[in-house]
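Enquirer: structure, please.
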Amino acid sequence: MLCRDCAPSPNSVSFTHKGVPGRFLFDYSDLAPVLRDFKDKSMVAHAKFLANQIDPIIEQLLGEKDFDFIAIPGSSRLNFKRRGFIPAKLILKRCPAVKKRDMRILVMKRTRETKDQRTLKSPERKANTANSMSVGDLLDKRVLLFDDVFTTGATVSEMIRAVRSAGGEPSDFCVLAKRI
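Expert: Predicted coordinates for the structure are as follows:
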C-alpha cells in the first residue's frame with residue numbers, strides 16, 4: 001500500500017481526443033512507479049488506491065450522462081498471461097461509483113495480437129493498434145471509455161473507432177494518467 005507521503009496528488013484535467021471529451025488525473029511521471037508496480041510486479045493492492053483516485057471522475061461522469069457501458073481495452077494474450085489480470089478491469093471493479101451503479105464493464109476483444117506499446121514510437125503505436133479491437137452490437141448505446149494511461153492516444157483512438165463501428169456513441173473517456 002502507499003503511504004500518504006508516497007502517494008501522488010490527483011488533479012483532474014479535461015482535454016479532447018478525436019472529438020470525444022476526456023479527463024486525466026495525473027501526469028504519468030507522477031504515477032509511473034505505482035502503475036509499474038501494479039502492472040509489472042502484480043502489486044494488485046494498488047488497484048484499490050487507483051480506483052479511489054479515479055472514482056470522483058467516474059462518479060461525476062456517470063451522474064451527468066446515462067451510460068450503458070464502461071468499455072476498456074482487452075489485454076494482449078502475452079500481457080494477460082504474464083499478469084493474470086486486465087489492469088483497467090481490476091481498477092474499475094474496485095471503483096465505488098461503478099459498484100454503486102452496478103455498471104457493466106465491457107472488455108473490448110482483440111481482433112489480432114498487438115505488440116507491447118511501451119517500446120513503440122507514436123506512428124508505430126498507431127499502426128500497432130489500428131483495427132485491433134472490436135465490440136458486439138452497440139447500436140445507440142452510450143459508452144464511457146476507460147484506460148490507465150494515455151500516451152499518444154493510439155489505444156483511445158482505436159477504442160473510439162471500435163465503438164463507433166459497432167453503432168455506439170463514445171461519449172466520454174477517462175484515464176488515470178497522461179504522458180505530458
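
Enquirer: which helices and strands does the worst-scoring helix or strand of the chain on mean pLDDT pack with?
Expert: Ranking every helix and strand in the chain by mean pLDDT, DSSP states H and E puts helix 122-129 at the bottom, with a mean of 83. Contact partners of helix 122-129 among helices and strands, from 3 or more Cβ pairs under 8 Å, 6 or more residues apart in numbering; DSSP states H and E: helix 154-165. For the C-beta atoms, the positions are set from N, CA and C on the backbone; glycine is no exception.

Enquirer: what strands flank the helix or strand following the helix it packs on, and is each parallel or antiparallel?
Expert: The C-terminal neighbour of helix 154-165 among helices and strands, as given by DSSP states H and E, is strand 169-178. Here strand 169-178 is paired, per DSSP bridges, with strand 20-27 (parallel), strand 142-150 (parallel).

Enquirer: what comes up buried for the last one?
Expert: Within strand 142-150, the residues that qualify as buried are 142-150, counting by 16 or more other Cβ atoms under 10 Å.

Enquirer: output those residues in JSON lines, with pLDDT appended to each entry.
Expert: Output for these, formatted as JSON lines (pLDDT from 0 to 100):
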{"residue": "R142", "pLDDT": "97"}
{"residue": "V143", "pLDDT": "98"}
{"residue": "L144", "pLDDT": "98"}
{"residue": "L145", "pLDDT": "98"}
{"residue": "F146", "pLDDT": "98"}
{"residue": "D147", "pLDDT": "97"}
{"residue": "D148", "pLDDT": "95"}
{"residue": "V149", "pLDDT": "94"}
{"residue": "F150", "pLDDT": "96"}
